[in-house]
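**Q** Fold the following and give me the result.
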Amino acid sequence: MALGERLASIRIGPVRYNSPTTQVFIVGVVCFLSPGLFNALSGLGAGGTQDVVLVDTGNAILYAMFAIFGIIGGTINNILGARLTLCIGTLGYSLYAGSLWAFQIHGNRAFVIAASAILGMCAGLLWTAQGAIMMAYPEEKDKGRAFSLFWSVFTMGGVVGSAIALGIQANRSLPSTSTAVYLVFVILMLIAILVTWLVLPASYVVRGNGTVVELQDSMGAREEIGNFIAQFKDWRMLALFPMFFCSNYFYSYQGSIVSMMFNPRTRALSSFLSNLGAVIGAIIIGNVLDRVPGSRRTRSIVGWCFTVFFMCLVWGAGFGWQTKFSRHEKLAMDWTNSKARGPLVLMFAYYMVDSFYQGLAYYTMSTITNDPFRLARMAGYYKGVQSAGAAVSFGMDAVGTAYMTEIAVSFAIMMASLPLCLLVLWHTSDSNYESENTIHVESLDEDQLHHAALPSGHHTGGVHENALGETTSDEKNSEVHLDTKSAA
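**A** Numbers count the residues shown, from 1 in each chain. Next up is the predicted model:
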(Lines give C-alpha, C1' and ligand atoms only; values in the text may rest on other atoms or scores of the structure.)
Protein backbone atom coordinates (compact mmCIF):
# COMPACT_ATOMS: atom_id res chain seq x y z
CA MET A 1 0.00 0.00 0.00
CA ALA A 2 1.36 3.44 -0.94
CA LEU A 3 2.29 5.90 1.80
CA GLY A 4 -0.44 8.32 0.75
CA GLU A 5 -3.06 5.56 0.86
CA ARG A 6 -2.06 4.48 4.37
CA LEU A 7 -2.12 8.04 5.64
CA ALA A 8 -5.50 8.62 4.06
CA SER A 9 -7.28 6.89 6.93
CA ILE A 10 -5.70 9.19 9.52
CA ARG A 11 -7.53 12.18 10.93
CA ILE A 12 -5.44 15.15 12.01
CA GLY A 13 -7.50 16.36 14.96
CA PRO A 14 -10.89 17.44 13.59
CA VAL A 15 -9.57 17.68 10.01
CA ARG A 16 -9.90 14.90 7.43
CA TYR A 17 -6.68 13.99 5.66
CA ASN A 18 -8.60 13.55 2.40
CA SER A 19 -10.38 16.90 2.67
CA PRO A 20 -9.64 19.63 0.08
CA THR A 21 -8.42 21.98 2.81
CA THR A 22 -5.80 19.51 4.05
CA GLN A 23 -4.59 18.77 0.54
CA VAL A 24 -4.36 22.45 -0.41
CA PHE A 25 -2.42 23.07 2.80
CA ILE A 26 0.06 20.29 1.95
CA VAL A 27 0.61 21.75 -1.51
CA GLY A 28 1.14 25.10 0.19
CA VAL A 29 3.87 23.54 2.35
CA VAL A 30 5.55 22.10 -0.76
CA CYS A 31 5.57 25.55 -2.34
CA PHE A 32 6.62 27.13 0.97
CA LEU A 33 9.79 25.04 0.78
CA SER A 34 10.53 25.53 -2.93
CA PRO A 35 9.24 28.57 -4.85
CA GLY A 36 8.58 30.35 -1.55
CA LEU A 37 12.25 30.18 -0.67
CA PHE A 38 13.17 30.99 -4.27
CA ASN A 39 11.16 34.20 -3.89
CA ALA A 40 13.03 34.94 -0.67
CA LEU A 41 16.31 34.66 -2.59
CA SER A 42 14.96 36.91 -5.31
CA GLY A 43 13.82 39.37 -2.67
CA LEU A 44 17.43 39.73 -1.52
CA GLY A 45 18.04 41.50 -4.82
CA ALA A 46 19.70 39.69 -7.76
CA GLY A 47 19.38 36.37 -5.92
CA GLY A 48 21.59 37.66 -3.12
CA THR A 49 24.50 38.30 -5.50
CA GLN A 50 25.94 41.56 -6.76
CA ASP A 51 25.68 40.46 -10.40
CA VAL A 52 22.30 41.79 -11.57
CA VAL A 53 23.05 41.03 -15.24
CA LEU A 54 23.88 37.36 -14.55
CA VAL A 55 20.72 36.76 -12.51
CA ASP A 56 18.58 38.69 -15.00
CA THR A 57 20.00 36.58 -17.84
CA GLY A 58 19.41 33.39 -15.85
CA ASN A 59 15.88 34.48 -15.03
CA ALA A 60 15.14 35.27 -18.67
CA ILE A 61 16.17 31.70 -19.57
CA LEU A 62 14.34 30.30 -16.55
CA TYR A 63 11.08 31.94 -17.51
CA ALA A 64 11.47 31.02 -21.19
CA MET A 65 11.69 27.33 -20.21
CA PHE A 66 8.94 27.89 -17.64
CA ALA A 67 6.72 29.21 -20.43
CA ILE A 68 7.24 26.11 -22.59
CA PHE A 69 6.78 23.57 -19.80
CA GLY A 70 3.95 25.55 -18.24
CA ILE A 71 1.89 25.46 -21.42
CA ILE A 72 2.37 21.70 -21.84
CA GLY A 73 2.33 21.11 -18.08
CA GLY A 74 -1.42 20.52 -17.93
CA THR A 75 -1.12 17.69 -20.43
CA ILE A 76 1.80 16.16 -18.50
CA ASN A 77 -0.11 16.52 -15.21
CA ASN A 78 -3.21 14.81 -16.61
CA ILE A 79 -1.13 11.86 -17.83
CA LEU A 80 1.22 11.42 -14.84
CA GLY A 81 -1.12 12.61 -12.07
CA ALA A 82 -0.72 15.63 -9.82
CA ARG A 83 1.45 13.99 -7.15
CA LEU A 84 4.20 12.76 -9.49
CA THR A 85 4.07 16.00 -11.48
CA LEU A 86 4.44 17.99 -8.27
CA CYS A 87 7.39 15.86 -7.14
CA ILE A 88 9.27 16.30 -10.42
CA GLY A 89 8.52 20.01 -10.24
CA THR A 90 10.31 20.46 -6.91
CA LEU A 91 13.62 18.99 -8.10
CA GLY A 92 15.03 22.13 -9.71
CA TYR A 93 14.80 24.53 -6.77
CA SER A 94 17.61 23.14 -4.60
CA LEU A 95 19.81 22.89 -7.70
CA TYR A 96 19.22 26.57 -8.46
CA ALA A 97 19.99 27.69 -4.90
CA GLY A 98 23.12 25.55 -5.01
CA SER A 99 24.20 27.24 -8.24
CA LEU A 100 23.98 30.68 -6.61
CA TRP A 101 26.00 29.32 -3.70
CA ALA A 102 28.63 27.99 -6.11
CA PHE A 103 28.75 31.32 -7.90
CA GLN A 104 29.29 33.11 -4.61
CA ILE A 105 32.29 30.88 -3.83
CA HIS A 106 33.77 30.01 -7.23
CA GLY A 107 32.25 32.55 -9.62
CA ASN A 108 30.81 29.78 -11.82
CA ARG A 109 28.44 31.64 -14.16
CA ALA A 110 27.68 28.68 -16.46
CA PHE A 111 26.25 26.64 -13.56
CA VAL A 112 23.79 29.44 -12.72
CA ILE A 113 22.59 29.61 -16.35
CA ALA A 114 22.17 25.81 -16.62
CA ALA A 115 20.40 25.57 -13.25
CA SER A 116 18.07 28.39 -14.30
CA ALA A 117 17.02 26.45 -17.40
CA ILE A 118 16.40 23.24 -15.42
CA LEU A 119 14.44 25.15 -12.78
CA GLY A 120 12.26 26.66 -15.51
CA MET A 121 11.30 23.17 -16.72
CA CYS A 122 10.55 21.96 -13.19
CA ALA A 123 8.63 25.08 -12.17
CA GLY A 124 6.28 24.72 -15.13
CA LEU A 125 5.27 21.29 -13.85
CA LEU A 126 5.06 22.24 -10.17
CA TRP A 127 2.81 25.25 -10.72
CA THR A 128 0.52 23.34 -13.07
CA ALA A 129 -0.09 20.62 -10.49
CA GLN A 130 -0.50 23.22 -7.75
CA GLY A 131 -3.07 25.20 -9.71
CA ALA A 132 -5.12 22.12 -10.56
CA ILE A 133 -5.29 21.03 -6.91
CA MET A 134 -6.01 24.48 -5.50
CA MET A 135 -8.77 25.29 -8.00
CA ALA A 136 -10.40 21.86 -8.44
CA TYR A 137 -10.48 20.36 -4.94
CA PRO A 138 -12.43 22.95 -2.85
CA GLU A 139 -16.14 23.66 -2.97
CA GLU A 140 -17.17 26.64 -5.10
CA LYS A 141 -18.00 28.69 -2.01
CA ASP A 142 -14.48 28.18 -0.65
CA LYS A 143 -12.32 28.79 -3.73
CA GLY A 144 -11.31 32.30 -2.75
CA ARG A 145 -10.25 31.17 0.70
CA ALA A 146 -8.49 28.14 -0.81
CA PHE A 147 -6.31 30.65 -2.63
CA SER A 148 -5.82 32.51 0.66
CA LEU A 149 -4.75 29.33 2.41
CA PHE A 150 -2.37 28.21 -0.33
CA TRP A 151 -0.88 31.62 -1.09
CA SER A 152 -0.34 32.56 2.54
CA VAL A 153 1.33 29.22 3.36
CA PHE A 154 3.41 29.36 0.17
CA THR A 155 4.44 32.97 0.78
CA MET A 156 5.38 32.18 4.36
CA GLY A 157 8.31 30.39 2.73
CA GLY A 158 9.49 33.80 1.65
CA VAL A 159 8.78 35.25 5.09
CA VAL A 160 10.73 32.51 6.89
CA GLY A 161 13.51 32.42 4.30
CA SER A 162 14.03 36.16 4.41
CA ALA A 163 13.82 36.10 8.22
CA ILE A 164 16.65 33.54 8.22
CA ALA A 165 18.68 35.73 5.90
CA LEU A 166 17.88 38.79 8.00
CA GLY A 167 18.91 37.05 11.22
CA ILE A 168 22.23 35.94 9.72
CA GLN A 169 23.05 39.30 8.17
CA ALA A 170 21.41 41.77 10.56
CA ASN A 171 24.64 42.71 12.31
CA ARG A 172 26.93 42.38 9.31
CA SER A 173 27.89 44.71 6.51
CA LEU A 174 28.72 42.07 3.91
CA PRO A 175 28.84 43.03 0.20
CA SER A 176 26.74 39.97 -0.69
CA THR A 177 24.59 37.26 0.87
CA SER A 178 26.51 34.86 3.12
CA THR A 179 27.04 31.19 2.20
CA ALA A 180 25.18 30.10 5.36
CA VAL A 181 21.98 31.53 3.86
CA TYR A 182 22.37 29.41 0.73
CA LEU A 183 23.10 26.26 2.75
CA VAL A 184 19.88 26.64 4.78
CA PHE A 185 17.87 27.26 1.62
CA VAL A 186 19.25 24.18 -0.16
CA ILE A 187 18.40 21.88 2.78
CA LEU A 188 14.84 23.19 3.08
CA MET A 189 14.28 22.88 -0.67
CA LEU A 190 15.37 19.23 -0.57
CA ILE A 191 12.76 18.54 2.13
CA ALA A 192 10.06 19.77 -0.26
CA ILE A 193 10.69 16.77 -2.52
CA LEU A 194 9.66 14.40 0.28
CA VAL A 195 6.58 16.41 1.26
CA THR A 196 5.06 16.00 -2.24
CA TRP A 197 4.37 12.34 -1.48
CA LEU A 198 1.84 13.34 1.17
CA VAL A 199 -0.48 14.64 -1.57
CA LEU A 200 -3.38 12.30 -2.36
CA PRO A 201 -4.61 11.49 -5.88
CA ALA A 202 -7.72 13.46 -6.80
CA SER A 203 -9.94 10.36 -6.68
CA TYR A 204 -9.29 10.04 -2.94
CA VAL A 205 -10.48 13.55 -2.12
CA VAL A 206 -14.07 14.19 -0.98
CA ARG A 207 -15.41 17.70 -0.49
CA GLY A 208 -17.28 18.71 2.65
CA ASN A 209 -20.63 18.71 0.80
CA GLY A 210 -20.18 15.02 -0.04
CA THR A 211 -19.11 15.46 -3.67
CA VAL A 212 -16.17 13.57 -5.12
CA VAL A 213 -13.45 15.57 -6.83
CA GLU A 214 -12.64 13.06 -9.58
CA LEU A 215 -13.54 9.48 -10.52
CA GLN A 216 -12.21 9.58 -14.09
CA ASP A 217 -8.94 7.80 -14.86
CA SER A 218 -6.02 9.75 -16.29
CA MET A 219 -6.39 10.37 -20.00
CA GLY A 220 -4.26 8.86 -22.72
CA ALA A 221 -1.72 11.03 -24.51
CA ARG A 222 -3.72 11.36 -27.76
CA GLU A 223 -6.96 12.38 -26.02
CA GLU A 224 -5.13 14.79 -23.72
CA ILE A 225 -3.32 16.49 -26.62
CA GLY A 226 -6.66 16.93 -28.41
CA ASN A 227 -8.17 18.57 -25.33
CA PHE A 228 -5.08 20.75 -24.95
CA ILE A 229 -5.50 22.10 -28.50
CA ALA A 230 -9.24 22.61 -28.02
CA GLN A 231 -8.53 24.86 -25.04
CA PHE A 232 -7.28 27.60 -27.34
CA LYS A 233 -10.69 27.84 -28.99
CA ASP A 234 -12.27 29.04 -25.73
CA TRP A 235 -12.80 32.82 -25.96
CA ARG A 236 -12.28 33.15 -22.21
CA MET A 237 -8.74 31.79 -22.45
CA LEU A 238 -7.98 34.28 -25.19
CA ALA A 239 -9.50 37.14 -23.18
CA LEU A 240 -7.39 36.22 -20.16
CA PHE A 241 -4.14 36.05 -22.15
CA PRO A 242 -3.11 39.67 -21.36
CA MET A 243 -3.79 39.21 -17.64
CA PHE A 244 -1.75 36.02 -17.58
CA PHE A 245 1.09 37.60 -19.58
CA CYS A 246 1.62 40.52 -17.22
CA SER A 247 0.93 38.76 -13.90
CA ASN A 248 4.68 38.34 -13.19
CA TYR A 249 5.97 41.04 -15.51
CA PHE A 250 6.79 43.49 -12.74
CA TYR A 251 8.98 41.15 -10.65
CA SER A 252 12.13 41.96 -12.62
CA TYR A 253 11.64 45.69 -12.08
CA GLN A 254 10.93 45.30 -8.38
CA GLY A 255 13.86 42.93 -7.80
CA SER A 256 16.20 45.24 -9.69
CA ILE A 257 15.31 48.39 -7.76
CA VAL A 258 15.71 46.51 -4.46
CA SER A 259 19.29 45.60 -5.41
CA MET A 260 19.99 49.26 -6.20
CA MET A 261 18.15 50.90 -3.29
CA PHE A 262 19.35 48.82 -0.32
CA ASN A 263 22.47 47.25 1.12
CA PRO A 264 22.40 43.44 1.72
CA ARG A 265 20.92 43.42 5.22
CA THR A 266 18.25 45.95 4.22
CA ARG A 267 17.45 43.81 1.17
CA ALA A 268 16.76 40.97 3.60
CA LEU A 269 14.40 43.24 5.55
CA SER A 270 12.72 44.32 2.30
CA SER A 271 12.26 40.68 1.33
CA PHE A 272 10.71 39.92 4.73
CA LEU A 273 8.28 42.84 4.48
CA SER A 274 7.41 42.06 0.86
CA ASN A 275 6.50 38.47 1.62
CA LEU A 276 4.58 39.52 4.72
CA GLY A 277 2.60 41.90 2.51
CA ALA A 278 1.84 39.03 0.14
CA VAL A 279 0.49 36.90 3.01
CA ILE A 280 -1.77 39.69 4.23
CA GLY A 281 -2.94 40.43 0.70
CA ALA A 282 -3.83 36.77 0.09
CA ILE A 283 -5.94 36.60 3.24
CA ILE A 284 -7.77 39.81 2.34
CA ILE A 285 -8.60 38.97 -1.30
CA GLY A 286 -9.76 35.43 -0.50
CA ASN A 287 -12.24 36.71 2.03
CA VAL A 288 -13.45 39.45 -0.30
CA LEU A 289 -14.13 36.89 -3.05
CA ASP A 290 -15.91 34.40 -0.77
CA ARG A 291 -17.63 36.46 1.90
CA VAL A 292 -19.16 39.46 0.10
CA PRO A 293 -22.97 38.97 0.12
CA GLY A 294 -24.61 38.10 -3.16
CA SER A 295 -24.13 35.75 -6.10
CA ARG A 296 -20.79 34.49 -7.32
CA ARG A 297 -20.86 37.06 -10.13
CA THR A 298 -21.43 39.85 -7.61
CA ARG A 299 -18.53 38.67 -5.44
CA SER A 300 -16.30 38.38 -8.50
CA ILE A 301 -17.03 41.92 -9.68
CA VAL A 302 -16.56 43.36 -6.18
CA GLY A 303 -13.21 41.56 -6.01
CA TRP A 304 -12.27 43.02 -9.40
CA CYS A 305 -13.14 46.58 -8.32
CA PHE A 306 -11.27 46.10 -5.03
CA THR A 307 -8.15 44.93 -6.87
CA VAL A 308 -8.20 47.74 -9.45
CA PHE A 309 -8.59 50.42 -6.77
CA PHE A 310 -5.61 49.30 -4.69
CA MET A 311 -3.41 48.64 -7.70
CA CYS A 312 -3.91 52.21 -8.89
CA LEU A 313 -3.20 53.53 -5.39
CA VAL A 314 0.01 51.56 -4.82
CA TRP A 315 1.45 51.84 -8.31
CA GLY A 316 0.73 55.57 -8.29
CA ALA A 317 2.92 55.81 -5.18
CA GLY A 318 5.53 53.72 -7.01
CA PHE A 319 5.61 56.20 -9.89
CA GLY A 320 6.13 59.00 -7.39
CA TRP A 321 9.11 57.25 -5.81
CA GLN A 322 10.66 56.30 -9.14
CA THR A 323 10.99 59.96 -10.13
CA LYS A 324 13.56 60.34 -7.30
CA PHE A 325 16.30 58.09 -8.70
CA SER A 326 17.45 56.39 -11.89
CA ARG A 327 19.10 53.10 -12.81
CA HIS A 328 22.55 54.72 -12.74
CA GLU A 329 22.28 55.71 -9.06
CA LYS A 330 23.18 52.97 -6.58
CA LEU A 331 21.66 54.20 -3.34
CA ALA A 332 22.65 51.19 -1.15
CA MET A 333 20.59 52.56 1.76
CA ASP A 334 20.70 50.94 5.19
CA TRP A 335 17.54 50.62 7.27
CA THR A 336 19.00 53.17 9.70
CA ASN A 337 18.63 55.76 6.93
CA SER A 338 15.27 57.54 7.31
CA LYS A 339 14.99 57.72 3.51
CA ALA A 340 14.75 53.91 3.37
CA ARG A 341 11.43 53.78 5.24
CA GLY A 342 9.22 54.89 2.36
CA PRO A 343 10.67 52.38 -0.15
CA LEU A 344 10.36 49.57 2.43
CA VAL A 345 6.66 50.36 2.90
CA LEU A 346 6.26 50.57 -0.87
CA MET A 347 7.71 47.06 -1.36
CA PHE A 348 5.29 45.74 1.28
CA ALA A 349 2.39 47.35 -0.60
CA TYR A 350 3.59 46.13 -4.02
CA TYR A 351 3.42 42.52 -2.89
CA MET A 352 0.12 42.95 -1.09
CA VAL A 353 -1.59 44.13 -4.29
CA ASP A 354 0.25 41.42 -6.22
CA SER A 355 -1.65 38.89 -4.07
CA PHE A 356 -4.89 40.66 -4.98
CA TYR A 357 -4.02 40.35 -8.67
CA GLN A 358 -2.92 36.69 -8.49
CA GLY A 359 -5.97 35.76 -6.41
CA LEU A 360 -8.30 37.41 -8.91
CA ALA A 361 -6.65 35.52 -11.79
CA TYR A 362 -6.96 32.13 -10.08
CA TYR A 363 -10.53 32.82 -8.97
CA THR A 364 -11.52 33.83 -12.50
CA MET A 365 -10.27 30.51 -13.85
CA SER A 366 -11.95 28.53 -11.08
CA THR A 367 -15.35 30.05 -11.91
CA ILE A 368 -15.18 28.54 -15.41
CA THR A 369 -15.19 24.88 -14.34
CA ASN A 370 -14.64 22.44 -11.46
CA ASP A 371 -13.15 19.72 -13.72
CA PRO A 372 -9.59 19.00 -12.47
CA PHE A 373 -8.41 18.02 -15.97
CA ARG A 374 -9.60 21.29 -17.53
CA LEU A 375 -8.26 23.29 -14.60
CA ALA A 376 -4.86 21.61 -14.93
CA ARG A 377 -4.70 22.74 -18.55
CA MET A 378 -5.81 26.24 -17.56
CA ALA A 379 -3.21 26.40 -14.79
CA GLY A 380 -0.51 25.29 -17.21
CA TYR A 381 -1.64 27.83 -19.78
CA TYR A 382 -1.68 30.54 -17.10
CA LYS A 383 1.81 29.77 -15.84
CA GLY A 384 3.20 29.33 -19.34
CA VAL A 385 1.90 32.67 -20.60
CA GLN A 386 2.83 34.31 -17.29
CA SER A 387 6.38 33.05 -17.62
CA ALA A 388 6.65 34.24 -21.20
CA GLY A 389 5.83 37.72 -19.92
CA ALA A 390 8.40 37.36 -17.12
CA ALA A 391 11.05 36.25 -19.63
CA VAL A 392 10.41 39.39 -21.66
CA SER A 393 10.58 41.60 -18.58
CA PHE A 394 13.85 40.11 -17.31
CA GLY A 395 15.29 40.49 -20.79
CA MET A 396 14.22 44.14 -20.74
CA ASP A 397 15.89 44.66 -17.37
CA ALA A 398 19.05 42.81 -18.41
CA VAL A 399 19.75 45.32 -21.21
CA GLY A 400 19.55 48.25 -18.80
CA THR A 401 16.14 49.69 -19.65
CA ALA A 402 15.37 52.85 -17.69
CA TYR A 403 13.42 52.15 -14.51
CA MET A 404 10.75 54.69 -15.39
CA THR A 405 10.16 52.87 -18.68
CA GLU A 406 9.93 49.52 -16.89
CA ILE A 407 7.39 50.68 -14.33
CA ALA A 408 5.31 52.43 -17.01
CA VAL A 409 5.20 49.33 -19.23
CA SER A 410 4.35 47.04 -16.29
CA PHE A 411 1.50 49.24 -15.07
CA ALA A 412 0.12 49.91 -18.56
CA ILE A 413 -0.23 46.27 -19.55
CA MET A 414 -1.78 45.34 -16.19
CA MET A 415 -4.41 48.06 -16.53
CA ALA A 416 -5.11 47.04 -20.14
CA SER A 417 -5.69 43.41 -19.10
CA LEU A 418 -8.24 44.05 -16.36
CA PRO A 419 -11.26 45.03 -18.53
CA LEU A 420 -10.95 41.69 -20.35
CA CYS A 421 -10.88 39.90 -16.99
CA LEU A 422 -14.07 41.76 -16.05
CA LEU A 423 -15.69 40.54 -19.28
CA VAL A 424 -15.00 36.93 -18.30
CA LEU A 425 -16.30 37.49 -14.77
CA TRP A 426 -19.44 39.12 -16.15
CA HIS A 427 -20.34 35.75 -17.71
CA THR A 428 -19.79 33.87 -14.45
CA SER A 429 -22.57 31.41 -13.60
CA ASP A 430 -23.78 30.95 -10.04
CA SER A 431 -22.60 27.33 -10.03
CA ASN A 432 -21.06 24.70 -12.30
CA TYR A 433 -22.26 21.73 -10.27
CA GLU A 434 -25.41 21.05 -12.27
CA SER A 435 -23.90 21.60 -15.72
CA GLU A 436 -20.94 19.32 -14.93
CA ASN A 437 -23.01 16.50 -13.42
CA THR A 438 -21.15 16.52 -10.10
CA ILE A 439 -21.25 13.15 -8.32
CA HIS A 440 -22.15 12.75 -4.63
CA VAL A 441 -20.62 9.99 -2.55
CA GLU A 442 -23.97 8.40 -1.69
CA SER A 443 -24.82 7.92 -5.37
CA LEU A 444 -21.74 5.82 -6.19
CA ASP A 445 -21.93 2.09 -6.80
CA GLU A 446 -19.55 -0.42 -5.26
CA ASP A 447 -16.94 -0.26 -8.03
CA GLN A 448 -16.91 3.51 -7.98
CA LEU A 449 -16.65 3.56 -4.22
CA HIS A 450 -13.62 1.29 -4.42
CA HIS A 451 -12.04 3.51 -7.05
CA ALA A 452 -12.64 6.57 -4.88
CA ALA A 453 -11.15 4.73 -1.88
CA LEU A 454 -14.35 5.02 0.13
CA PRO A 455 -15.89 2.16 2.15
CA SER A 456 -18.60 0.28 0.24
CA GLY A 457 -22.14 1.02 1.36
CA HIS A 458 -21.06 4.00 3.45
CA HIS A 459 -23.50 6.94 3.39
CA THR A 460 -22.37 10.48 4.07
CA GLY A 461 -25.54 11.41 5.91
CA GLY A 462 -25.11 15.05 4.88
CA VAL A 463 -21.51 15.97 5.52
CA HIS A 464 -20.46 19.60 5.65
CA GLU A 465 -17.06 21.16 5.93
CA ASN A 466 -16.14 24.68 6.87
CA ALA A 467 -13.22 26.72 5.51
CA LEU A 468 -10.87 25.14 8.06
CA GLY A 469 -11.61 21.60 6.91
CA GLU A 470 -13.70 20.67 9.96
CA THR A 471 -16.54 18.24 9.33
CA THR A 472 -20.01 18.16 10.81
CA SER A 473 -22.91 15.93 9.85
CA ASP A 474 -26.68 15.70 9.96
CA GLU A 475 -26.47 12.19 11.38
CA LYS A 476 -24.29 11.10 14.25
CA ASN A 477 -20.96 9.47 13.36
CA SER A 478 -21.53 9.80 9.60
CA GLU A 479 -18.19 11.29 8.55
CA VAL A 480 -16.72 10.63 5.14
CA HIS A 481 -13.40 8.86 5.57
CA LEU A 482 -11.02 6.56 3.73
CA ASP A 483 -10.86 2.90 4.59
CA THR A 484 -7.40 1.38 4.30
CA LYS A 485 -8.71 -1.98 3.05
CA SER A 486 -10.63 -0.43 0.18
CA ALA A 487 -7.73 1.94 -0.50
CA ALA A 488 -5.38 -1.03 -0.91
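
**Q** element containing Ala416?
**A** Using DSSP states H and E, Ala416 sits within helix 403-426.

**Q** ok, and what's touching that helix?
**A** The list of residues contacting helix 403-426 from outside it, by Cβ atoms under 8 Å, 6 or more residues apart in numbering, reads 236, 239-240, 242-243, 245-246, 249-250, 252-253, 256-257, 297, 300-301, 304, 307-308, 311-312, 315, 318-319, 322-323, 325-327, 357, 360-361, 364, 367-368, 393, 396-397. Heads up, the C-betas are built off the backbone N, CA and C, glycines and all.

**Q** residues in contact with Gly144?
**A** Counting by Cβ under 8 Å, 6+ apart, Gly144 touches 285-291, 299, 303, 359, 363.

**Q** run the last query once more with 6 Å
**A** Residues near Gly144 by Cβ atoms under 6 Å, 6 or more residues apart in numbering: 286, 289-290, 363.

**Q** Identify, from these, the entry nearest to Ala40.
**A** Of all the contacts of Gly144, Gly286 has the smallest distance to Ala40: 22.1 Å, by Cβ to Cβ.

**Q** What's the separation between the nearest residue to that closest one once chain neighbours are set aside and Val53?
**A** Of all residues not flanking Gly286 in the chain, Ser148 sits nearest, at 2.8 Å (Cβ to Cβ, 6 or more residues apart in numbering). Relative to Val53, Ser148 is positioned 37 Å away (Cβ to Cβ, to the nearest Å).

**Q** ok, these two, which is more surrounded?
**A** For Ser148 and Val53, the more surrounded residue by other Cβ atoms under 10 Å is Ser148, and the numbers stand at 26 against 13.

**Q** mind checking pLDDT for that one?
**A** With respect to pLDDT, Ser148 has a value of 95.

**Q** same question, Leu188
**A** Reported pLDDT at Leu188 in the predicted model: 89.

**Q** Leu33 is in contact with that one, correct?
**A** Yes. With contact defined as Cβ atoms under 6 Å, Leu188 and Leu33 form a contacting pair (5.2 Å).

**Q** more neighbours, the two?
**A** Between Leu188 and Leu33, counted using other Cβ under 10 Å, Leu33 has the larger neighbour count: 28 against 22.

**Q** What sits closest to the more buried one if chain neighbours are left out?
**A** Ala192 (3.5 Å).

**Q** What's the first helix or strand after the strand or helix carrying Val30?
**A** Using DSSP H and E, Val30 maps to helix 20-33. Using DSSP H and E, the helix or strand that follows helix 20-33 in sequence is helix 35-43.

**Q** could you check the angle helix 20-33 makes with that next one?
**A** Interaxial angle of helix 35-43 relative to helix 20-33 (axes from the mean of the first three to the mean of the last three Cα atoms, to 10 degrees): 40 degrees.

**Q** elements contacting the helix or strand following helix 35-43?
**A** On the C-terminal side of helix 35-43, the closest following helix or strand by DSSP H and E is helix 52-80. Helices and strands touching helix 52-80, by 3 or more Cβ pairs under 6 Å, 6 or more residues apart in numbering; DSSP states H and E, are helix 109-136, helix 221-230, helix 372-398.

**Q** is it possible to export those to JSON lines including mean neighbour count, distance to Ile79 and mean pLDDT?
**A** Output for those, formatted as JSON lines (neighbours: other Cβ atoms under 10 Å; distance: least, Cβ to Cβ, whole Å; pLDDT from 0 to 100):
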{"stretch": "helix 109-136", "mean neighbour count": "25", "distance to Ile79": "12", "mean pLDDT": "91"}
{"stretch": "helix 221-230", "mean neighbour count": "13", "distance to Ile79": "6", "mean pLDDT": "76"}
{"stretch": "helix 372-398", "mean neighbour count": "25", "distance to Ile79": "10", "mean pLDDT": "88"}
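
**Q** returning to that earlier point: from the middle of its chain, how far away would the helix holding Ala416 be?
**A** With Cα atoms, centre = their mean, to the nearest Å as the basis, helix 403-426 stands 20 Å off its chain's centre.

**Q** does the residue nearest to Leu33 belong to a helix or a strand, and which?
**A** For Ala192, the element it lies in under DSSP H and E is helix 179-195.

**Q** Give me the contacts around that helix.
**A** Applying Cβ under 6 Å, 6+ apart, the external contacts of helix 179-195 come out as 29-30, 33-34, 37, 90, 93-94, 97-98, 101, 164-165, 168.
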